[in-house]
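>>> sharing a model that was predicted from the sequence below.
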Amino acid sequence: MDNYALSSREVAEMVGKEHSKLLRDIRKYSEQLAESKIGLGDFFTESNYLDSKGQSRPCYLVTKKGCEFIAHKLTGQKGTEFTARYINRFHEMEHELSVSNPSEIPLGELASYLKVMDRVANRQSLAPHKIAENFKKVSAQFGVQLSDDFVNMPEYEQLTLASVDGR
């Protein structure tokens, strides 16, 4: 979960500091980290954003470690508020990712689920194409795309359905 980062613009807002002043501070921290031979990328990564006029402006991507670093530099109420805000923000991002990206579920768990689903469907004597339809639906929910022809209804059922519908 360390691949999340906030824009230094968002961090500046959370800290209640002008973005230009936060950039100055991060540059100073970067120099100090470089002198100590500590990797900067774990904390801050140089980046850019487009301002309201469409011009490229500097910013940093601030990792969770970078937020912790900044929080340790702050004292009193400001430090407490920022710490609570960045912790909440990173938890939000983790939750959004876990909800919006169910493919993060290990394939072993998905396979186990599909096996159980198959046993239940067979016990209920579902037609094979119905089982395949269910597999396709569940697979899609987990980001696994199956070919369009994965589910084929037998021709005799198509004929039966056509005669029942009066077509």
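Received, thanks.
>>> C-alpha from now on. contacts and neighbour counts both.
Noted.
>>> quick check: longest helix of this protein.
Longest helix of the chain, by residue count under DSSP state H: helix 76-100.
>>> outside of that helix, which residues touch it?
The contact list for helix 76-100, computed with Cα atoms under 8 Å, 6 or more residues apart in numbering, reads 1, 4, 11, 14-15, 64, 67-68, 71-73, 104.
>>> derive a PyMOL selection command for the buried subset of these.
Burial among the contacts of helix 76-100 is assessed by 16 or more other Cα atoms under 10 Å; the matching PyMOL selection reads:
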select buried, resi 11+14+15+64+67+68+71
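>>> now render the contacts of helix 76-100 as TSV, adding pLDDT.
Below are these laid out as TSV (pLDDT from 0 to 100):
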residue	pLDDT
M1	39
Y4	77
V11	93
M14	89
V15	90
K64	88
C67	89
E68	88
A71	88
H72	85
K73	86
E104	56
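>>> pull the most distant pair out of the contacts of helix 76-100.
Farthest pair in the contacts of helix 76-100 (Cα to Cα) is K73 and E104. Separation: 34.8 Å.
>>> returning to what we had before: the longest helix of the chain: which residues count as buried?
Buried residues in helix 76-100 (16+ other Cα under 10 Å): 79, 81-83, 86, 90.
>>> reformat those as TSV; add pLDDT and distance to L33.
Compiled in TSV, these are given as follows (pLDDT from 0 to 100; distance: Cα to Cα, whole Å):
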residue	pLDDT	distance to L33
G79	79	21
E81	84	25
F82	84	22
T83	83	21
Y86	83	22
F90	83	23
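>>> what segments of the protein are strands?
5-7, 44-50, 56-63 (DSSP state E).
>>> endpoint to endpoint, stretch 46-60 covers what distance?
Its start and end residues considered, stretch 46-60 measures 5 Å (Cα to Cα, to the nearest Å).
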